[in-house]
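>>> Got a predicted model here, sequence first, then my questions.
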Amino acid sequence: MSDPPPHVAILDDEPEIRRMLSEALTEAGFRTTSYGRATEFEAALKRASPDVCLVDLSLPDRDGLALVHRLALESGAAIIIISGRAQVQDRVTGLELGADDYIIKPFDPAEVVARVRARLRKPRAEAGRSPQIARFNGWAAHFDRYVLIGPDGTEVPFSHAEGEVLRLFLEAPKRLISRAQMQEALGGAAGDSFDRAMDVRISRLRTKLGEDPKNPRLIKTIYGAGYIFLGEVAWG
């Protein structure tokens, strides 16, 4: 039996945008559900977790950025913001709070389909062949559950965006990973917003791993070059 097509949840208070996105994504082979209010969207998430969430920031019943931050902490879904807020600071804030991508209105539906496919391509391609658990320095990273288990058994959740960065490090331990390599592997436009988003995600990973921010042992910054993960990693 073949796997069901990826599920995309659409949260936008404009019916025409919901219809346009749903039609484009359905035609491209995705399953979609649409919501006009955050309360409906959050209630649906308790029943089933989508693969991708498309979230508008200007919602009638909830602060969009706060919702994105909560999704990043609690959901394993990829998060793509779709918003009319075009200022650089809005994009940076959205990425810093855990979004995987940011699309500015007005947009071409074909671009949204392409961005959704890009967010799903690497994780889905790897799901069938790559181990989903990595062990290092007393820690275990469960990418199927988006949780870190510490040496004392404590469970620490991580977001989809943080998981992408962590997997990148764990798949290339003790090798320098440059910003350019991170951008190529993770997608998104290079520039200040991408760099700041990476800084935030790496800082959060260090905090979750109990690292000393002034002298981290596992994720080392090589200034002007990139990062090196110094742990001993075993997959499976």
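Okay, I see it.
>>> mind checking which helix or strand of the protein has the lowest mean pLDDT?
Of the helices and strands making up the chain, the lowest-confidence element is helix 109-127, at a mean of 74, by mean pLDDT, DSSP states H and E.
>>> Look at the residue positioned nearest the centre of the chain and report its pLDDT.
Using CA atoms, centre = their mean, the residue of the chain that lies closest to the mean C-alpha position is A161, 2.8 Å off. In this prediction, A161 carries a pLDDT score of 78.
>>> I'd say it and A99 touch.
Yes - with contacts counted by CB atoms under 8 Å, A161 reaches A99, the gap being 7.2 Å. In short, each C-beta sits where N, CA and C put it, glycine included.
>>> intersection of neighbour lists for those two?
Contact criterion CB atoms under 8 Å, 6 or more residues apart in numbering; residues shared by A161 and A99: A72, I79.
>>> could you pull out the strands for this protein?
Along the chain, counting by DSSP state E, strands occupy 7-11, 31-35, 52-55, 78-83, 101-104, 133-136, 139-142, 147-149, 155-157, 219-222, 226-229, 233-235.
>>> can you give me the helices for this structure?
Taking DSSP state H as the criterion, the chain carries its helices at 15-27, 38-45, 64-74, 88-96, 109-127, 160-170, 179-186, 192-208.
>>> Most tightly packed of the ones you listed?
With neighbours defined by mean count of other CB atoms under 10 Å, none of the helices of the chain is more surrounded on average than helix 160-170, at a mean of 22.
>>> who does that helix touch, helix- and strand-wise?
Using 3 or more CB pairs under 8 Å, 6 or more residues apart in numbering; DSSP states H and E as the contact test, the elements touching helix 160-170 are helix 64-74, strand 78-83, strand 133-136, strand 139-142, helix 179-186, helix 192-208, strand 226-229.
>>> Using PDB, write out every CA atom in the longest one.
Think helix 192-208. The C-alpha atoms that make up helix 192-208 are tabulated as PDB, following Å, rounded to 0.1, in the frame of the first residue of the first chain:
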ATOM      1  CA  ASP A 192      21.000  38.400   6.900                       C
ATOM      2  CA  SER A 193      17.600  36.900   7.600                       C
ATOM      3  CA  PHE A 194      18.900  33.300   6.900                       C
ATOM      4  CA  ASP A 195      22.000  33.900   9.000                       C
ATOM      5  CA  ARG A 196      20.000  35.300  11.900                       C
ATOM      6  CA  ALA A 197      17.600  32.400  11.800                       C
ATOM      7  CA  MET A 198      20.500  29.900  11.900                       C
ATOM      8  CA  ASP A 199      22.100  31.800  14.800                       C
ATOM      9  CA  VAL A 200      18.800  31.500  16.700                       C
ATOM     10  CA  ARG A 201      18.300  27.800  15.900                       C
ATOM     11  CA  ILE A 202      21.800  26.900  16.900                       C
ATOM     12  CA  SER A 203      21.600  28.900  20.100                       C
ATOM     13  CA  ARG A 204      18.400  27.100  21.000                       C
ATOM     14  CA  LEU A 205      20.000  23.700  20.300                       C
ATOM     15  CA  ARG A 206      22.900  24.600  22.500                       C
ATOM     16  CA  THR A 207      20.500  25.500  25.300                       C
ATOM     17  CA  LYS A 208      18.600  22.300  24.900                       C
END
